[in-house]
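Participant: here is the input, now give the coordinates:
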Amino acid sequence: MYRPPLRLHSPEWFTADDSTLNVALVYPMQGPAGIFGPTCEACARLAAEEVNKAGGVLGRELRLLEVDGGADPQRVAEDVEALVETGAVQGVTGWHISSVRQAVAPRIAHRVPYVYTALYEGGERTEGVFMTSETPAWQLLPAMRLLAETRGVRRWFVVGNNYVWPRRTARAARWYARDCRGRVCGEAYLPLGTEDFHDVLRRIERADADGVLMLLVGSDAVRFNRAFAASGLDQRCLRLSTLMDENMLLGSGFEATVDLFSTAGFFTSLADRNTMDFHGQYADRFGTDAPTPGSLGESCYEGVLLLTALIERARTLDVSAIGAAAEHVSYEGPRGLLSLDGRHVRQRIYLAQADGLDFTVLAQLRAPHELL
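Facilitator: Below is the predicted model of the structure:
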């Protein structure tokens, strides 16, 4: 029988035996990203239950042990390394910001498989790390091209939090804007947890931007949306985010989502067989009042499935053997039948526009090689 995820400091966490395979589920329980933490946990739990109903992993029960990925990155890395070092966990997955991944990966990826589920800036090559989510070349470039073609966006202003993902994504966006016969006309980077956007909004207005590229995390993006709409800038330029789910729309409020676009590999409004099956299973398990399983939380479902597929394909927990077999790994989930390319999952990416508190999917974006 499936057991619920264990908390890091639960007295049960060290009772692993040969009948179980314990996985550290690292997701934000605090900070700006805590807004979608509950969906991360629920989606990962649902995937683990389904894996166990199908026989587990190498015949062992899959158990999730929760780690707060919203804490200081070095603290998270220390916690995860301690679990790996003591043999309490045999794998790691979850959604957490890139600063956490950069702290965790060097400590544990050569020891246990590590499936990182957050969209990120690209370029991760640490042995033993596998990625399920979007990168700028596949997500941002085609979205910027489509908005340049359909909305005539030429002048972009970047607003991001001050860490590696926004800064490296913005660096790519400068190239993409030029490719779209435009340019980035301003950039602002703010600490996680920022509440006052007055100065940034004045800079956007003075720059006469056509579009704002939002690279803000969770509740920071929610507060920015509210301030943006209150300033009237939503009547002058659109917003594009690569990290915006339905829970963040709900937090922003109906009046703060005008001309707001998001690009991702999953939206709750998609209605194909895979997504409909997922929504039905999620509702059956957690009820209709459960947090909406947006792209960020749903990525943790993908992470559990990919970790399972990697181990099952290699028939071992050895990281080197898992890496050697990875090119032959595929799995089917809410985002369809997916496989790995260079330890990254390749998937369909969509552009959607906010319609109040939901997203309307406008188009499936063309892959980078199709844009040449």
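Participant: what about Ala118, distance to Ala42?
Facilitator: 17 Å (CB to CB, to the nearest Å). The C-beta positions use only the backbone N, C-alpha and C, and glycine is treated the same way.
Participant: the more surrounded of the two?
Facilitator: Ala118 (27 against 20; other CB atoms under 10 Å).
Participant: which ones are touching that one?
Facilitator: With contact set as CB atoms under 8 Å, 6 or more residues apart in numbering, Ala118 has these partners: 95-98, 101, 133, 296, 299.
Participant: could you export these as TSV, including pLDDT?
Facilitator: Listed next are those as TSV, based on pLDDT from 0 to 100:
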residue	pLDDT
Trp95	98
His96	98
Ile97	98
Ser98	98
Arg101	98
Ser133	91
Leu296	96
Ser299	98
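Participant: neighbour count and distance to Val217 for those - can I get that in a markdown table?
Facilitator: Formatted as a markdown table, these follow (neighbours: other CB atoms under 10 Å; distance: CB to CB, whole Å):
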| residue | neighbour count | distance to Val217 |
| --- | --- | --- |
| Trp95 | 32 | 11 |
| His96 | 26 | 11 |
| Ile97 | 26 | 6 |
| Ser98 | 22 | 10 |
| Arg101 | 26 | 14 |
| Ser133 | 26 | 14 |
| Leu296 | 31 | 10 |
| Ser299 | 35 | 14 |
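Participant: buried residues in the helix or strand harbouring Ala173, which are they?
Facilitator: Secondary structure assignment for Ala173, by DSSP states H and E: helix 164-179. Neighbour-count burial for helix 164-179, counted by 16 or more other CB atoms under 10 Å, picks out 164-170, 172-173, 176-177.
Participant: got the contact list for that helix?
Facilitator: 97-99, 102, 120-123, 136-137, 140-141, 144-145, 154, 156, 158, 160, 183-184, 187, 189, 213, 215-216, 242.
Participant: check contacts around Leu357.
Facilitator: Contact analysis of Leu357 by CB under 8 Å, 6+ apart lists 246, 249-250, 254, 257.
Participant: can you list which of these are found in helices?
Facilitator: 246, 249-250 (DSSP state H).
Participant: just those now: which is nearest Val345?
Facilitator: Checking the ones in helices among the contacts of Leu357 against Val345 by CB to CB gives Glu246 as the nearest, at 21.7 Å.
Participant: in strands, which of the contacts of helix 164-179 appear?
Facilitator: Within these, residues falling in strands by DSSP state E are 156, 158, 160, 183-184, 187, 189, 213, 215.
Participant: mind listing the helices for the stretch 251-372 of the chain?
Facilitator: All helices of the stretch 251-372 of the chain, identified by DSSP state H, counting those that start in this stretch, fall at 273-286, 295-314, 319-325.
Participant: got these as TSV, with distance to Asp79 columns?
Facilitator: TSV is the format used below for these (distance: least, CB to CB, whole Å):
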stretch	distance to Asp79
helix 273-286	27
helix 295-314	18
helix 319-325	20
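Participant: most tightly packed of those?
Facilitator: Most buried of the helices of the stretch 251-372 of the chain, by mean neighbour count (mean count of other CB atoms under 10 Å): helix 295-314, with a mean of 28.
Participant: okay, the angle between that helix and helix 273-286?
Facilitator: Angle between the axes of helix 295-314 and helix 273-286 is 100 degrees (criterion: axes from the mean of the first three to the mean of the last three CA atoms, to 10 degrees).
Participant: can I get helix 295-314 as PDB, trimmed to CA atoms?
Facilitator: What follows is helix 295-314 as a C-alpha-only set of coordinates in PDB (Å, rounded to 0.1, in the frame of the first residue of the first chain):
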ATOM      1  CA  SER A 295       2.600  23.300 -15.400                       C
ATOM      2  CA  LEU A 296       4.900  23.900 -12.400                       C
ATOM      3  CA  GLY A 297       3.200  21.400 -10.100                       C
ATOM      4  CA  GLU A 298       2.600  18.900 -12.900                       C
ATOM      5  CA  SER A 299       6.300  18.900 -13.700                       C
ATOM      6  CA  CYS A 300       6.800  16.900 -10.500                       C
ATOM      7  CA  TYR A 301       4.500  14.200 -11.900                       C
ATOM      8  CA  GLU A 302       6.800  14.100 -14.900                       C
ATOM      9  CA  GLY A 303       9.800  13.900 -12.600                       C
ATOM     10  CA  VAL A 304       8.500  10.800 -10.800                       C
ATOM     11  CA  LEU A 305       7.700   9.100 -14.100                       C
ATOM     12  CA  LEU A 306      11.000   9.900 -15.700                       C
ATOM     13  CA  LEU A 307      13.000   8.800 -12.600                       C
ATOM     14  CA  THR A 308      11.000   5.500 -12.600                       C
ATOM     15  CA  ALA A 309      11.600   5.000 -16.300                       C
ATOM     16  CA  LEU A 310      15.400   5.700 -16.000                       C
ATOM     17  CA  ILE A 311      15.800   3.100 -13.200                       C
ATOM     18  CA  GLU A 312      13.600   0.500 -14.800                       C
ATOM     19  CA  ARG A 313      15.500   0.800 -18.100                       C
ATOM     20  CA  ALA A 314      18.900   0.400 -16.500                       C
END
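Participant: fine by me, thanks again.
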